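S.K.: got a structure for you, letters missing:
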C-alpha cells in the first residue's frame, strides 16, 4: 500500500510540474516550404505584444474570397499544413499559417496565454495588411480550436471553424488519467466549454466519430453548449455541427466528399453579404 501511495504521489507531482510537456509537442523548423509545392507565399516575421518573434506563411489566392487564419494543433509545425493551404487556394481562399512560440522557427516557449497572443499577432498582421475583419475566418485544429475560440472573443471575425476540439484540457486529462486529481492539478486549461456560449459569430464544429485522442463527445458537448445559448438570441448567427467518419486527423479539404463540400459552403457563407 505504501508503494502504491508513493507511486500515486509521484505521478501527481509529475503531472503538476511537467504538464506542459503533455500539452505541447513542438516540431523543429519545417524542411519544406509552400514554394516546394509551387505555391506563391511570403515568409512573415511577426512580433507579439509581449515581444516574441513568430514565423508565419502567407499563401495568396487569385482574387481571394477571404483569408483563413489557420491555427494548428499541439504538435508539428506549419510545414505539415501546406496541403491544406493548397486546397484552400484551389477554392479561392488565401491562408495564413502560424507557428506558435516554440514551434518551428518561432522563438519563445509555449504557454496558454502565449498561444492566444500569437493568434492575436497573426490577426493584427492581416488587418494591418488591409484585410477586413469581415474576410477573416479562424480555423483551429484540435488545441488550435481553443486558440481560435479565444481569438473570436478578442477580435472580430467573419467566422470560426473548429476541428477535433476538446471541451477543456482538464476534461481530456481526467479521461486519460482517471486515477489522478487532474482538475485540481491542471494549470493549462483552454476551457472551451466555458467560452462556447459567449460566441455569436458563424461557427462550424467538425469532429471525427472515430477520434481516439479527443473523443467525439467533446464536439457534441461544445455544440450543445453553444446551441443552447443561441436558442435565446433572435439574431444568432448560424451554428453547425459536422460529424465525419474520421479519427483525430479530421477532414482532408479538397477530397471529393460531402464534408469538404460542407466546409467550402460554410466558408463562402461567412463572407457572403448579409
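M.R.: Yep, it's here. Since the model is a prediction, treat every value here as computed from it, not as a measurement.

S.K.: what stretches of the stretch 101-250 of the chain score poorly on pLDDT?
M.R.: 177, 179-182, 184-186 (pLDDT under 70).

S.K.: And the strands in it, which stretches?
M.R.: Per DSSP state E, counting those that start in this stretch, the stretch 101-250 of the chain carries strands over the ranges 136-141, 159-163, 203-208, 239-244.

S.K.: And stretch 127-145, end to end?
M.R.: Criterion Cα to Cα, to the nearest Å; first-to-last residue distance in stretch 127-145 is 21 Å.

S.K.: cool, stretch 162-174 as well?
M.R.: Start-to-end span of stretch 162-174 (Cα to Cα) is 22 Å.

S.K.: Stretch 206-218 too?
M.R.: OK, stretch 206-218 end separation, Cα to Cα: 11 Å.

S.K.: mind putting the strands of the stretch 101-250 of the chain in CSV, distance to residue 103 and mean neighbour count included?
M.R.: (Glycine included, C-beta is placed from N, CA and C.) Shown next, in CSV, are the strands of the stretch 101-250 of the chain (distance: least, Cβ to Cβ, whole Å; neighbours: other Cβ atoms under 10 Å):
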stretch, distance to residue 103, mean neighbour count
strand 136-141, 13, 26
strand 159-163, 18, 26
strand 203-208, 22, 25
strand 239-244, 26, 18
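
S.K.: could you dump those to a markdown table with distance to residue 44?
M.R.: Rendered in a markdown table, the data for those read as follows (distance: least, Cβ to Cβ, whole Å):
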| stretch | distance to residue 44 |
| --- | --- |
| strand 136-141 | 15 |
| strand 159-163 | 22 |
| strand 203-208 | 26 |
| strand 239-244 | 30 |
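
S.K.: List the contacts of residue 236.
M.R.: Taking Cβ atoms under 8 Å, 6 or more residues apart in numbering, we find residue 236 in contact with 200, 230.

S.K.: Now do it against residue 220, distance only.
M.R.: The gap separating residue 236 from residue 220 is 19 Å, by Cβ to Cβ, to the nearest Å.

S.K.: How about residue 166?
M.R.: Counting by Cβ to Cβ, the separation of residue 166 from residue 220 is 12 Å.

S.K.: Mind checking which of the two has more residues around it?
M.R.: residue 166 (29 against 15; other Cβ atoms under 10 Å).
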